[in-house]
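Peer 1: turn this into a model:
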Amino acid sequence: MPITLFLSLLQAMLGLAAAEQPDQVRTLVVQEEVIMRIPVRPRPIQPDAWEEQKGPKCIDASTIRGAALSGRESVDFMLYDRSRIRAELSEDCPALDFYNGFYVTPENGKLCAKRDDIHSRIGRSCRIERFRRLVPRVLAR
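Peer 2: Next comes the predicted model:
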């Protein structure tokens with residue numbers, strides 16, 4: 001099957017899944033490769049409400065429930081335990097919110113800094129440089 005046909009079919013399958021419930025993380029397995037579509041919420045109104053602390057090298061992909069853009073070079077992952085992890089990207093990654101989501105392909109169920117990329121739905125990829133743990137500014141002091 002030509003790769004262009006495969007990619008168009010993949011987008012169609014993910015698009016149909018997203019039409020049902022657009023605010024949920026979707027997982028698709030294609031030939032033993034896991035692809036996750038992560039919905040993106042608009043940029044937060046109060047970006048200074050969080051304080052960054054040292055973060056993990058990897059996060060378990062199954063704990064991601066959504067994301068919010070925090071800048072042109074960072075994305076905040078919202079986890080099921082109500083915590084937030086900021087992914088700092090290697091470069092400006094425009095259009096992450098243009099189609100209301102992006103894709104990640106975790107290895108072994110983990111999304112890791114210096115290894116994994118975030119793929120916008122228009123085809124651009126941005127490497128995750130590091131993760132930072134976000135703590136509400138009120139609790140951090």
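Peer 1: for the rest of this, base every contact and every neighbour count on C-alpha atoms.
Peer 2: OK.
Peer 1: buried sites along the strand ranked longest in the chain?
Peer 2: Counting residues, the longest strand found in the chain (DSSP state E) is strand 125-136. Neighbour counts using 16 or more other C-alpha atoms under 10 Å place 125-135 of strand 125-136 among the buried residues.
Peer 1: take the residues you listed and lay them out in CSV including distance to Ser90.
Peer 2: As requested, the buried residues of strand 125-136 are exported to CSV (distance: C-alpha to C-alpha, whole Å):
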residue, distance to Ser90
Ser125, 10
Cys126, 6
Arg127, 5
Ile128, 6
Glu129, 5
Arg130, 9
Phe131, 12
Arg132, 14
Arg133, 17
Leu134, 19
Val135, 23
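Peer 1: just name the closest of those to Glu52, please.
Peer 2: Nearest to Glu52 out of the buried residues of strand 125-136 is Leu134 (C-alpha to C-alpha; 4.8 Å).
Peer 1: tally of neighbours for the spatially closest residue to the closest one that is not a sequence neighbour?
Peer 2: Nearest non-adjacent residue to Leu134, counting by C-alpha to C-alpha, 6 or more residues apart in numbering: Glu52, 4.8 Å away. Glu52 has 16 neighbouring residues, counting by other C-alpha atoms under 10 Å.
Peer 1: before I go, just wanted to say thanks for your time.
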